[in-house]
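Engineer: pasting a predicted model and its sequence here:
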Amino acid sequence: MNAFPILSAIWLAPFVTGLLIMAFVPDTRIQAIKWLSLGASGLSLLLTVWLLAQFDYGRAGQLQFAERFSLVPSLGVEYHLGADGISLLMVVLNSLILFTGVLASWGLKHRGKEFFVLLLLLGGGVFGVFTSFNLYVFFALYEVAVLPMYLLIGIWGTGPKEYSAMKLTLMLMGGSAFLLLGILALYYGSTPHTLDIFELNKAAMAGQFSPGFQKLWFPVLFLGFGVLAALWPLHTWSPDGHASAPTAVSMLHAGVLMKLGAYGCLRVAIFLLPAGAHFWAPLIAVLALVNIVYGSIGAAAQTDLKYVTAYSSVSHMGLVLLGLATLDTLGMNGAVLQMFAHGIMTGTFFALIGMTYGRTHTRLMPKLGGLAQVMPFIAAAYVIAGMAGLGLPGLSSFPAELLVFLGAYFTQDLFFKVVAVIALTSIVFTALYVLRVLQKTFYGPITEPHYKELGDATLVERIPVVILITVMVLVGVYPFPVLRLIDGGLIAVAQTLGSLPR
Amino acid sequence: MQLSTAIFYLCAGLSVFSAVRVVTVRNVFHAALFLALTLALLAVLYLLLNAEFVAVVQLLVYVGAVIVLIIFAVMLTAQIGDAGVGQTNRLAVPAALGCAALFLVLQKALLSAPWAPTEAPAPAAGAPVLSNLQAVGMSLLNDYVYPFELTALILFTALIGAVLIARKDTE
Amino acid sequence: MIPGVGIGHFLVLSAALFSVGLYGVIARRSAVGVLMGLELMFNAANLNLVAFNAYLHSGAMAGQMFTLFTITIAAAEATVGLALVVSIFRARRSVRLEHVDLLKG
Amino acid sequence: MTFSTATWIVPLLPLGGFLFNFLFGRGSRRLVPRVALLAVGSALALSLVLAAQVLGDPAPKVDGIPWLSVTNQVFGHFTISVGTLLDPLSAMMLVVVTLVSFLVHLYSLGYMSEDPGLARFFMYLGLFTFSMLGLVVSPNLFQMYIFWELVGLCSYLLIGFYTTKPEANQACKKAFVVNRVGDLGMFLGILFLSYYLGTSDFSAIAAHLGSWPLFGPAWLPLGAVALLLFCGAVGKSAQFPLHVWLPDAMEGPTPVSALIHAATMVAAGVFMVARVYAVFDASLMGSVNAPLVVACVGGFTSLFAATIACTQFDIKRVLAYSTLSQLGYMVMALGAGGLGVTAGAFHLFTHAFFKALLFLGAGSVIHAVHSNDVRAMGGLRRKMPLTGITFLVASLAISGIWPFAGFFSKDMILAALKDAHMTGLYVLAAAVAFLTAFYMFRLYFLTFEGKEPEHGHPHESPWTMTLPLVVLAVLSLGAGFAGLDFGGRSFGSYIRFDRSPTLASDWTRAQGLALAHPKAVGDYRLATALWAAPALPPTAATGLPAPAPATIPPAQESRAFVLDYSVAVPATLLGLAGIFLAFGVYRLKWIDPGRVARALGPVYTTVYNKYYVDEFYRWMMDHVYYVVSGAIAWFDRHVVDGVMNGLALLMQVAGGALRRLQTGRAQAYALAMLGGILILLGALKVFVP
Amino acid sequence: MNLQLILPEFAVLGLGLLVFFLDLLAPEGASRRYLGWVCAAGFAVILAVLLASPFPQGPSTAFGGLFIADSLARVFEVLFLSAALLASLASVDALEARGVAWAGEYYFLLVMVTLAMMCLASAGDLLSLYVALELNSLGFYALVSILKGRSLVSSEAGIKYLILGAIASALLLYGFSILYGLSGTLSLQGLAAWSQGAAHSPALLLALALVTAGLAFKVSLVPFHMWAPDVYQAAPTPITAFLSVASKAAGLALLMRVLDTSFHSLAGVWDKLLMVMMALTFVWANVVALKQRDLKRLMAYSSVAQAGYLMIGIVAGTPLGLQAVLFYALVYLFTNMAAFQVIQLVSVKGSPELSGLKGLARRSPGLALIMLCAVLSLGGIPPFGGFFGKYFLFAAGVQEGLLSGRVWLLALVAFAVVMSIVSLFYYLVIIKQMYIEPSADEAPVAAPAAARIALGLCTLMILVTGVYPSPILDWLKQALP
């Protein structure tokens, strides 16, 4: 249908640009590197917009723009890209965060070349994962996307960066190691052996995976992805990792990479092992509940802005996982929308924290205060992002959280209803910590005299924030079209799970 | 008891004894002599087993060359008369226990095996009956020429290696 | 072959020699002693080969041939080993193997 | 232009103003207020037109577009719509909101004229007006919740408008969080209701209530659902125990207090309960009497707040507690059912005018004397005659003196309580009427009469501020007459609650269905599990508890309001007595209030300190919540993460230990090989048969 | 007898003699640097010819079955020759840097061990196998201690290697003798035929255990690995690299020849042995590697761990498994060669410790990048060859585990996967040194032409095997139908 391999173009644009910069641009020409990076990520963004325009919304459940090219036929390894509604939404998210992330790093001075190269490689990898429909390529790009984090945090981070980077990488790689096993099990469990996600789904629907098989391998896959989605108790890489990472990396990591985990949970674990999902869903719901409540209460005790945001991510990702665990269209729609919403929101948070830190050189709330007077733009944006964080209607998180709660409550299962009720209490706790941050950081009198000389966000800094907030508001005000994308994509999942007739 | 039987038991007993002495005697020079004795006794056993050529080679190569080399080495490294010091290290006890266990396992396994002889191919009619020496020579240059050549390379390599290693550095 | 002596006798003897040799390798202090232990181990195997050839597989000479090669190879190995011992002695004025432990961990 | 389209436009006008100001206003001190005023003014005009139309055609009109739609097995498509609902109740609210908002906009032109944040202020006001209007026209609970939260946001922003003031920051946070607690309940209520009824449309709720058999025979959860929804009202309308945020909210600019925290937003709770009153009413058939709880909460709050109001010296705080008390009054009225719903809405209507007037008057005073403390005021009526007189009008109105608006609405509430045979609450309401008159006139006398303070030169406010005062004074005087009967048409004939005639029969049918309907079984179990219904003997056929015999309480019919002198006269007398007492104590100085306070000792101290509720919450936050939070943070860092770090450490330690086995001695390695051989032989022994 | 079959070995022998005589002809004291180039060129030519010529059809034997020239042997020949080529290139400058005067002998021995390994892979008989193995070992003993005059440690490494190697050799020999006694044959094919109906007699089990132990020493499985760190540390770096890849590959060849071919029917016996050692290897090698400071020691433990992964394919024993082993061996060859090449360049003037890599990304970004690729490939990270290699191995393991119900193998694969996370830690530490730590010395690391060629070749192969392994797989599939 499309002669032009647009999905390849989307992920290769940043990836190849990264490689080209690495090979040919000397690190003294930092300005050129920045513009190249911006161009590459902008190209991806443009292509994504074009993709949105070309996408057939009526067939959001089917794979569109497919590209196939066999790599290792004997092992079922194939370069198979495509996009359904969910993939498309995730691609949109990634292109937004990548583009804004490059802008947010505009002021970077130290070892700029390597930074932008790694950033582009990471971003490109993420695009690839979201559009891969062969598990091998999916998995390979998944790792490609995770690994640059080590250097990005280790070199440009702050605080105990090496420890954080190591912990993050090892935990995420640990999760992905389990994925490898799970993927191989899927491959050999299917007849004929295949790694194609949709083929495997057919195998699952045809009953090729016995219930025992599914019960065994579902947790392997779900936990493998769950680490990246910060599933409790495997979330501890996240606070340290986010706190230590430089701005753009935090943005990409919390904004996109964590979604990679949740996306995998949905696309691989749930989609391919439905009986396993049904069996394990209650446990996942409980863990997700812990995420939600524990994260939101724990955030209130933090003093570092990034730690607050990290714990809030734990809590918000809990909502995603809870939505997935409902195995119901309502909840899963909410989960996917929450993935998007949280990505945008947390990207904004980290961008703003980066700007604040760049000026005050501290992220500790006790040392901050009254910044709204000197940096009204940052303060206002932070308020908006914070409001999104606490699920305020009109911003993108609200419909997502609403659907997750509805989905959990609307299941036929009393257990999930109880979980939903308990999870709902988090809206109070969330309000507490979000408002506490606003109060301590931006309101009140200025605490340090030298803060009076600080300036507000520059134009370059404002652009990413404005973009992200605009998306946040648009989706929040009218989520209908976005949900059409997700809903279409989820029909196949729901059919697999038996929650929709085939 | 026939003579050969008696010789076997004598040689076997002596060889075990001398082998134990090799690894336990304090004086390394004596150990080398015990080793020579062991190897020689083994040559006798080879003779009993109708492997005359092997026995000869055993004597020539081992007793004649290797032992000499070892004794040279012992002398070069001034180990003679170093009897005051114990010749075993701290690992002796675990090593003894381990080796005893190994011996038990080895003998138990080897003795419980169903040793089945293979049928000797009927000698081709008219084929000359060869002595052991002749037979060895024939097969060495016919059937086993390939390992034979490789062994030549081994010796060459060992020679070069030994020279390389034992050389005195010029610096 | 030898009246009253079966293959088992030879095997027990070789097992004993092998074990004793291994003990010597592990427990001897002097590097030369260790090399002697190694020779015992090789000889144990050789004895096996010759005995098997004589008792069970006398139709061909494979066992004896193997023994010939191993004897030669053992000699070559002893040569290199002794060269190393000499070189160690030169450097350290001692051949006590337990002192040769710069490389560890 | 149809009704529906016009109803869309009303909220969109202030939104348009806000967006224009946000995008193009550039913080202009001239442009922004004008645009805002224009937007609100047109909204007011349109609302008036709509109200007039509704008076002619009171049938509800609903319109909407899908806002969110998800394919679902149970619902086919689960859809949440946004849209409009125009009926007399929303029309009344539209007028109140746009009118007060317009007046507050106007007033703020003067009041905020010197504030550097003028433009921001007007933008917030515009956003608030939009949100409040959106709330008012909501056709379903979800949309109401959306705007419910948005008005909460505006409230938050406006309370914390003076960002540099720590008290304001604390107050706005408190307001938001406390409201969130209520919202949590409300959200749960919405969740339950929409799940069990399959709809959240106001127009459909009543019709679905009886036909849905899910609640099983006991009807228990419905009462619970009603109370959960009421939680939202408790938060937004600041009922006990979630009242604590409203007094603190006075840290915001005074026009905001008038608009949001007196007239409109805080009334949203009352509005919401009135909207879904069918749910409360239906709960009467179960064993949870939700309306009674509502009435008690309201009654308690009104008395509670009134006593505090008598002891406060901050003019705005007195008004805030008065607001609390009056809101309690309205809520109490709702709890009475029948006429009470009308009464609650009517009091909402009148209260909006006189309470806004009181706040704006207080603002005018504060503007003049730059202080909130009544002890620093006095004799201001001579300096600011217009303010003084309008304040007096409002005080009379709130005290329930004929012919001021409060008289009519208060009387209707008392009548409704009497109708509902809630004698205790009736007495309480009367007592509150007395207290109200007392503290209001205490305030009036302390502020406007008596000796002038030594220094300071207070002066009358500019016309932008006094004009709204005058308009509101006129309304405070005249609005009450709307409650009277005009040829069969009155406030009560438009805004009333009538029990659906089919409900009773539906309910009886539902009992039968509960046994037959398989889905009901599970939910009946839920109901019993959650709410511990009284165990009923199982029937032989199904093993399920048999339905309880139907005992339907009599419907409290809404009736046209007629002045009942047995109610009106004592109430008016109590009001006058309150005024007289205040006059005696604070004007004539019969006794020194300080001595009374000292005589009351700890009682006075307790009341003065607002019964220590704030302190209790503070303590709970500091010693419970933040302790738990700290404990979780600690647990996360040291236990959960500790396990991860422990694993890493274990590897390192194991590495260190095994590394020591690599001693560097060749013979040790040989021994290891020997060990390896033995291990392999052992493994063969174990694994190979 | 078809001497054509043994032509590659003859060619290598010829190369050895050429080097030997060139060394003799060269005047005393003259630079023998060119010998490295000669060696490299020779290997390259032979390699090219081998690659260009088609696989032998079916097993062809020479010398009465003592020599087998089949496609498996061809694959290993290619492996060894590639390793030898890279090692020669690496040696060109390394020898000068370390001041090794005996370059002629060095290269001669290098060629000899290569020849020995080729013969090893072609051995059709226990005798020729043993002889080739000894030739290989003796050559390596000498090569390892060639830096003798430089330090005490090189002779230490030599004697350790010799003693332990001799023990392994004795174990192997003793095992062979029992096998001979049991079967009456030394030929691998004969053994395969015999083992079809062989009972699980204790003597047979014993023989298998001894042989497996001897081979485990060669591929360095725990607890027969202890020579490796010490020897790797002290040997000249090109030799360490060569040892780590080629000698291990030779061990693999032996495992495939002896266990997988001759005792295929006894797979249920020896796989238990290997699995026990694998489990030990995964724990021991990875955990101890965490505490290493010396780069070459670290790489030694890494290579021990890698041997464990390789065993998955051997234990699986399926065509897929063996193919995976060969593929991984190939990837591992280029990866390790690249890593050691970088280590060698860095330690010419710097420290051989881990800290010697500090700031390499600033000093020589290219070298750092290559090291990064190599290390990530070793860690099994895409898009490098190690990733696909490991995936392939695990796939073979999971296939056997799932489809043939070998639960233990499945468990072991899972365990391998878990322990690979531990291994990632020390690989990341290397990356950390290069990219995160600052360095005191800002001068770029010199990379001479030979090293550049070797590194370029390695990097190319690391990438190709990772991104588009299909052609190589096809090639391997021809070898192992």
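Structural biologist: Thanks, I have it.

Engineer: so how far is chain B from the closest residue to E:Ala450 other than its chain neighbours?
Structural biologist: In space, and not counting its chain neighbours, E:Ala450 is closest to E:Val92: 4.0 Å by Cβ to Cβ, 6 or more residues apart in numbering or on different chains. The way it works is simple: take the backbone N, C-alpha and C, and place the C-beta from them, glycine included. For E:Val92, the distance to chain B (Cβ to the nearest Cβ, to the nearest Å) stands at 19 Å.

Engineer: again, but for D:Leu396
Structural biologist: Distance from D:Leu396 to chain B, counting by Cβ to the nearest Cβ: 106 Å.

Engineer: and that residue, how close does it get to D:Ala415?
Structural biologist: Relative to D:Ala415, D:Leu396 is positioned 20 Å away (Cβ to Cβ, to the nearest Å).

Engineer: any idea which helix or strand comes after the helix or strand of chain B with the lowest mean pLDDT?
Structural biologist: Least confident element among the helices and strands of chain B, by mean pLDDT, DSSP states H and E: helix B:132-141 (a mean of 78). Proceeding N to C from helix B:132-141, the next assigned helix or strand is helix B:145-166, under DSSP states H and E.

Engineer: check whether that following helix contacts chain C.
Structural biologist: Yes. Under the criterion of Cβ under 8 Å from any Cβ of the partner chain, helix B:145-166 makes contact with chain C via B:147, B:151, B:154-155, B:157-159, B:161-163, B:165-166.

Engineer: same list (those) but as JSON lines, adding neighbour count, distance to E:Ala267 and pLDDT.
Structural biologist: Supplementary listing: those in JSON lines, determined by neighbours: other Cβ atoms under 10 Å in any protein chain shown; distance: Cβ to Cβ, whole Å; pLDDT from 0 to 100:
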{"residue": "B:Pro147", "neighbour count": "30", "distance to E:Ala267": "28", "pLDDT": "90"}
{"residue": "B:Thr151", "neighbour count": "21", "distance to E:Ala267": "33", "pLDDT": "92"}
{"residue": "B:Ile154", "neighbour count": "28", "distance to E:Ala267": "32", "pLDDT": "93"}
{"residue": "B:Leu155", "neighbour count": "17", "distance to E:Ala267": "38", "pLDDT": "92"}
{"residue": "B:Thr157", "neighbour count": "28", "distance to E:Ala267": "35", "pLDDT": "92"}
{"residue": "B:Ala158", "neighbour count": "26", "distance to E:Ala267": "36", "pLDDT": "92"}
{"residue": "B:Leu159", "neighbour count": "16", "distance to E:Ala267": "41", "pLDDT": "91"}
{"residue": "B:Gly161", "neighbour count": "28", "distance to E:Ala267": "38", "pLDDT": "90"}
{"residue": "B:Ala162", "neighbour count": "24", "distance to E:Ala267": "41", "pLDDT": "89"}
{"residue": "B:Val163", "neighbour count": "14", "distance to E:Ala267": "45", "pLDDT": "87"}
{"residue": "B:Ile165", "neighbour count": "28", "distance to E:Ala267": "41", "pLDDT": "84"}
{"residue": "B:Ala166", "neighbour count": "19", "distance to E:Ala267": "45", "pLDDT": "80"}
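
Engineer: what's the closest of those residues to chain A?
Structural biologist: When the residues of helix B:145-166 next to chain C are ranked by distance to chain A (Cβ to the nearest Cβ), B:Pro147 comes first, at 38.6 Å.

Engineer: between helix B:145-166 and the least confident helix or strand of chain B, find me the angle.
Structural biologist: Counting by axes from the mean of the first three to the mean of the last three Cα atoms, to 10 degrees, helix B:132-141 lies at 80 degrees to helix B:145-166.

Engineer: tell me how far the residue nearest to the spatial centre of chain D lies from chain B.
Structural biologist: Chain D has D:Lys236 as the residue nearest its centroid, 1.6 Å off, counting by Cα atoms, centre = their mean. According to Cβ to the nearest Cβ, D:Lys236 and chain B sit 81 Å apart.

Engineer: D:Phe346 versus that residue, what's the distance?
Structural biologist: On the measure of Cβ to Cβ, D:Lys236 and D:Phe346 end up 19 Å apart.

Engineer: can you check A:Leu289 too?
Structural biologist: Taking Cβ to Cβ as the measure, A:Leu289 falls 45 Å from D:Phe346.

Engineer: ok, those two, which is more surrounded?
Structural biologist: Between A:Leu289 and D:Phe346, D:Phe346 has the larger neighbour count (other Cβ atoms under 10 Å in any protein chain shown), namely 31 against 23.

Engineer: chain center to the helix or strand harbouring that one, what's the gap?
Structural biologist: Per DSSP H and E, D:Phe346 falls inside helix D:339-369. Relative to its chain's centre, helix D:339-369 lies at 16 Å (Cα atoms, centre = their mean, to the nearest Å).

Engineer: which of the three states applies to the closest residue to D:Phe304 other than its chain neighbours?
Structural biologist: The shortest distance from D:Phe304 to any non-neighbouring residue, by Cβ to Cβ, 6+ apart, is to D:Phe240 (5.8 Å). Following DSSP: H, G, I helix; E, B strand; the rest coil, the label given to D:Phe240 is coil.

Engineer: out of the helices and strands in chain D, which is least certain?
Structural biologist: Here the helix or strand of chain D ranked lowest by mean pLDDT, DSSP H and E is helix D:518-531, holding a mean of 39.

Engineer: residue at max distance from the center of chain A?
Structural biologist: A:Pro449 (38.2 Å).

Engineer: please report how far that residue lies from A:Tyr357.
Structural biologist: A:Pro449 sits at a distance of 19 Å from A:Tyr357 (criterion: Cβ to Cβ).

Engineer: got a list of what whatever residue of chain B ends up closest to chain D touches?
Structural biologist: In chain B, the residue that lies nearest chain D is B:Gly98 (4.5 Å; Cβ to the nearest Cβ). By Cβ atoms under 8 Å, 6 or more residues apart in numbering or on different chains, the contact list for B:Gly98 reads C:26, D:671, D:674-675, D:678.

Engineer: near chain B, list only the ones from these.
Structural biologist: Applying Cβ under 8 Å from any Cβ to the contacts of B:Gly98, those adjacent to chain B are C:26, D:671, D:674-675, D:678.

Engineer: tell me the confidence at the residue nearest to the spatial centre of chain B?
Structural biologist: Nearest residue to the geometric centre of chain B (Cα atoms, centre = their mean): B:Leu39, 5.5 Å. B:Leu39 is assigned a pLDDT of 92 by the prediction.
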